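Chemist: Got a sequence here, can you model it:
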Amino acid sequence: MKAVPPVTLLWGEDDFLVREAALALLGDTKATEVDAAEWQGSELQGLATPSLFGEPRALLVNDARSLRKETLDEIARYLTTPDPDATLVLACVVVDRGKVPAALQKLVEPLGEIRKVDVARKDLETWLVGRAKQHGLDLAIPGARALVETLGPEPGQLVAALGQLQDVFAGQRVGPREIAGQFRGLGEQKTWDLCDRAFGKDLPGAIRSLRSIEEGGDEAIMVLGGIAARLRDLLKVRSLPDRMPPAQVAKEAGLRFDWQARRYQQQARNFSMEQLVELHDRVTEADRALKSGSTGDVVMPTLVTAIAG
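Modeler: Next up is the predicted model:
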């Protein structure tokens, strides 16, 4: 069996894929989990202290790019003599076309593993077909293509959709017709990608996503509705305690998935409550402008820049 290094850095552009890779790496090991923004300073003590019954120990740090310098120094000191029976996993999500943060690379490179986690856009349909088989779903390549075109390229949303398709089409081959019948009217979900990039502070990616939506002919007022819905969710999440577990956040905020709650927690931390309220006012102003005759190609880039800039 291949030995697990004392520290592993998993990084990529999609938090669903990065988290999935982290959980796969940890396997059956029950890990202590902490978000970088909530680091208290005692986490490594638990990693270095043998458990009473000798179980393997692990620490998973989410959003590792937000680790403060003093925390990186603390981890570096631990890694000079790491516990051989403990595993440290750093999960880092970067912006579109981003690179692994240099500070994290310098920290991990000498004695750990750095692994990029992604699915290239050209491989997404094949990847979806493979994931469908894991669900026991017979998804054809044209069906996978139709699913991506309908819901967008976000892996977490696509995997959730596979579960829905399995419930409806168990034992059947799923192609474009079945996808259209199941998800008709949900093309606006492409706006989710725009919201993820904008509220994730990825301005270049958000502008590219907006242009793609405009080229697809979607009405600006519908896109604005998607942004408003995301903003309302972030306001709910921001009002909850920072250390609340994602499952409870999902329940309190009315979200469908734990991974969605975790993503929204990360996005909400990019803004103070006052900033979110101010953005809500700007969305209201944009709505008035569109309904008063202003064009989407003027109103929407200004709003997206205000969010992501």
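
Chemist: helix, strand or coil for Val89?
Modeler: Under DSSP: H, G, I helix; E, B strand; the rest coil, the three-state class of Val89 is strand.

Chemist: ugh, typo on my part, it should be Ser294
Modeler: coil.

Chemist: Arg115 now?
Modeler: Classified using three-state DSSP, Arg115 is strand.

Chemist: Let me see the contact set for it.
Modeler: Residues near Arg115 by Cβ atoms under 8 Å, 6 or more residues apart in numbering: 8-11, 21. No exception for glycine: its C-beta is placed from N, CA and C like everyone else's.

Chemist: Same check on Gln166?
Modeler: 135-137.

Chemist: Going through the residues you listed, which ones are buried?
Modeler: Neighbour counting with 16 or more other Cβ atoms under 10 Å marks Leu137 as buried within the contacts of Gln166.

Chemist: CA atoms of stretch 142-157 as PDB?
Modeler: Extracted in PDB, the C-alpha atoms of stretch 142-157 (Å, rounded to 0.1, in the frame of the first residue of the first chain):
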ATOM      1  CA  PRO A 142     -25.400  12.900 -26.300                       C
ATOM      2  CA  GLY A 143     -27.400  12.900 -23.100                       C
ATOM      3  CA  ALA A 144     -24.300  14.000 -21.200                       C
ATOM      4  CA  ARG A 145     -23.800  16.800 -23.700                       C
ATOM      5  CA  ALA A 146     -27.400  17.900 -23.300                       C
ATOM      6  CA  LEU A 147     -27.100  17.900 -19.500                       C
ATOM      7  CA  VAL A 148     -24.100  20.200 -19.600                       C
ATOM      8  CA  GLU A 149     -25.700  22.500 -22.100                       C
ATOM      9  CA  THR A 150     -28.800  22.700 -19.900                       C
ATOM     10  CA  LEU A 151     -27.300  23.000 -16.400                       C
ATOM     11  CA  GLY A 152     -23.900  24.300 -17.100                       C
ATOM     12  CA  PRO A 153     -20.400  22.800 -16.400                       C
ATOM     13  CA  GLU A 154     -20.400  22.900 -12.600                       C
ATOM     14  CA  PRO A 155     -19.600  19.300 -11.500                       C
ATOM     15  CA  GLY A 156     -21.500  19.300  -8.200                       C
ATOM     16  CA  GLN A 157     -24.700  20.400  -9.900                       C
END
